[in-house]
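Asker: quick one, what's the 3D model for this:
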Amino acid sequence: MKETKNEVKKEIKKDKKEPKREYNMKFAKDLDSIYILGRGQSLGYSPVKKPDKSEFWGCNNIYKARDVDRLFVMRDVYITQFNRQAEIIKEANEKGFPVYTLGKYDDLKNNIQYPMQEVIKEFGIAYFLTNPSYMLALAIMQKPKNLYLFGIDMDFGTAKEYMQNEKGNVEYWLGQATGRGIKYHLSRGCSLMKRKGRNNYYGMIVTTEKDTNLVHLQPEYSWPNKNPKSALKYKIIKAQHNL
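Answerer: Coordinates of the predicted model:
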């Protein structure tokens with residue numbers, strides 16, 4: 001029985017395998033951007049295709065959603081595998097990207113121990129409460145022009161301890177980036193650098209023009225006429241009551 005042309009083409013497609021990607025174990029120089037990727041909902045806003053002169057850095061099993069250049073697993077890999085991600089070691093080895101961990105794991109083919117001493121020496125502080133904090137510190141040391149955060153949402157619906165400690169921890173490293181002239185970009189839906197139900201200008205009334213998005217700031221006065229009154233003109237009298 002003769003094979004049709006279509007059947008031959010299908011067989012050729014089956015046999016043709018995509019070339020395996022080669023990953024750079026060393027840090028790339030002169031990057032425009034490093035993307036810090038987490039598993040929050042805003043990950044959906046991140047680009048799927050990586051822009052030129054950029055790298056995707058992700059944590060835990062983020063490689064299932066995006067093709068990362070570097071993976072960070074800052075908790076014991078075996079605990080991580082036992083808890084949620086049963087195939088993480090096998091899949092990371094198959095992918096071939098570098099995997100950064102705090103300790104050394106012989107089971108990981110491209111395992112790189114996180115340079116804790118160098119990072120602490122660079123910043124003069126050890127302040128790491130989350131996977132993203134480790135990623136941000138190391139990313140800042142590479143001196144990219146931009147840092148993009150997707151899936152690092154710090155959702156207001158999470159536990160109090162998480163919000164008070166881990167949110168502030170990530171915001172600290174954003175401050176480090178700003179101080180070094182690196183621009184950071186937050187995704188829509190991210191609660192970083194925000195306070196629930198309040199604007200970012202304490203004691204100010206904020207209005208935004210619809211057409212130009214120009215922001216106007218005005219001091220918030222308690223008096224109805226919006227003008228400050230001098231407290232020196234008034235005398236404070238202690239009220240008497242029968243409570």
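
Asker: what ranges does this protein have for its strands?
Answerer: 33-37, 54-59, 70-72, 99-101, 111-113, 146-150, 183-186, 204-208, 215-219 (DSSP state E).

Asker: tell me the strands beside the longest one, with direction?
Answerer: Here the strand partners of strand 54-59, with direction, are listed using DSSP bridges: strand 33-37 (parallel), strand 70-72 (parallel).

Asker: please save the CA atoms from that strand in PDB.
Answerer: Taking C-alpha atoms only, strand 54-59 is exported to PDB below (Å, rounded to 0.1, in the frame of the first residue of the first chain):
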ATOM      1  CA  SER A  54      16.200  40.600  28.500                       C
ATOM      2  CA  GLU A  55      16.000  37.600  30.800                       C
ATOM      3  CA  PHE A  56      13.100  35.800  32.600                       C
ATOM      4  CA  TRP A  57      13.900  34.800  36.200                       C
ATOM      5  CA  GLY A  58      11.300  32.700  37.900                       C
ATOM      6  CA  CYS A  59      10.800  30.700  41.100                       C
END
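
Asker: what angle do that strand and strand 146-150 make?
Answerer: 40 degrees (axes from the mean of the first three to the mean of the last three CA atoms, to 10 degrees).

Asker: starting at the chain centroid, how far to strand 54-59?
Answerer: Distance of strand 54-59 from the chain centroid (CA atoms, centre = their mean, to the nearest Å) equals 10 Å.

Asker: which residues of the chain score low on pLDDT?
Answerer: 1-19, 84, 156-164, 222-231, 236, 241-243 (pLDDT under 70).

Asker: kindly recompute the last result at 80.
Answerer: 1-20, 79, 81-86, 155-164, 195-199, 221-243 (pLDDT under 80).

Asker: residues in contact with stretch 91-108?
Answerer: Contact with stretch 91-108 is made by 20-23, 25, 61, 63, 68-74, 76-77, 89, 109-114, 116, 134, 138, as judged by CB atoms under 8 Å, 6 or more residues apart in numbering. (Glycine included, C-beta is placed from N, CA and C.)
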